[in-house]
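Q: from the sequence below, what's the structure:
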Amino acid sequence: MTTRIEPAPRVRWGDARWRYGVGLVTIVLGAALTNLISTYSLWFLLVGPCVQLLGWLILPGALWRRLLVLLPCLLAALVLVAGPDFAGAFAVLLAGWLFARHRPGLSYLALIPVIVLSFVLKGALNEYGQNWVGLVSGSAACVACAWLAWALDVWRRRRVTARRLRRAQRDAAEPVYTPGPAVPTGPAASAADSPGAAE
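A: A predicted model of the protein is given here:
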């Protein structure tokens, strides 16, 4: 039994897998620190976004993609502080992750469960003290849907590969036409066919 490991992208500095692991942990840690803010710990408002910013910069991938999702994701992590009514910000964080990881369009179907969950949390949780339930549920849904998006990407790539393989096999099975020797036509053909022409 073999396991499929996603190919590491080429990077200009550092090891791609090391940067992926450190970037992921730093992004999650930064979002978590942002949500630890309270009246007595306002300094998390500075530390959390800075740590998350560092994570997006460490993450391997196209720089323009990471810079494009940077501000929306920082704001989404900050908005989550307001409570379950803003649980839809988890969809922004997941979309930013998918975009920075170069996921194809099909993978964005994984956003649907997170969006549905945000409406469920908004209707079910009514007190600020229940905010931790929304944070844990939303985080778990984001992790599960990120894996779902990866699985959709793998499924799409396998279908494309299988389609190309079938096309190559079909092209190889088709007979190749090679022209034979030229056959004379007209009066020359009649002369060649007559017994006197052979003498």
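Q: show me what contacts residue 121?
A: Going by Cβ atoms under 8 Å, 6 or more residues apart in numbering, residue 121 touches 84, 87, 133, 134, 137, 138. C-beta here means a position set from N, CA and C on the backbone, and glycine is covered the same way.
Q: what about 10 Å?
A: Each residue near residue 121 by Cβ atoms under 10 Å, 6 or more residues apart in numbering is listed here: 83-88, 90, 130-131, 133-135, 137-138, 141.
Q: cool, and residue 37?
A: 43, 44, 45, 46, 47, 48, 78, 81.
Q: give me the nearest residue to it, chain neighbours excluded.
A: residue 44 (4.5 Å; Cβ to Cβ, 6 or more residues apart in numbering).
Q: wait, that neighbour sits on residue 29?
A: No: counting by Cβ atoms under 10 Å, residue 44 sits too far from residue 29 to count as a contact (11.5 Å).
Q: joint contacts of those two?
A: Contact criterion Cβ under 10 Å, 6+ apart; residues shared by residue 44 and residue 29: residue 51.
Q: residues near residue 111, how many?
A: By the measure other Cβ atoms under 10 Å, the count of residues near residue 111 is 19.
Q: pLDDT wise, what is residue 196 at?
A: Model confidence at residue 196, given as pLDDT, is 49.
Q: do residue 24 as well
A: The score at residue 24 is 91. That number is its pLDDT.
Q: kindly report the same for residue 34.
A: Value for residue 34, per-residue pLDDT: 89.
Q: got it, and the one 10 residues further on?
A: For residue 44, the pLDDT comes out at 82.
Q: packing partners for the longest helix belonging to the chain?
A: Ranked by residue count under DSSP state H, the longest helix found in the chain is helix 131-173. If you count contacts as 3 or more Cβ pairs under 10 Å, 6 or more residues apart in numbering; DSSP states H and E, helix 131-173 packs onto helix 16-34, helix 89-100, helix 111-124.
Q: list the helices and strands the first one packs on?
A: Counting contacts by 3+ Cβ pairs under 10 Å, 6+ apart, helix 16-34 packs against helix 44-58, helix 63-79, helix 89-100, helix 131-173.
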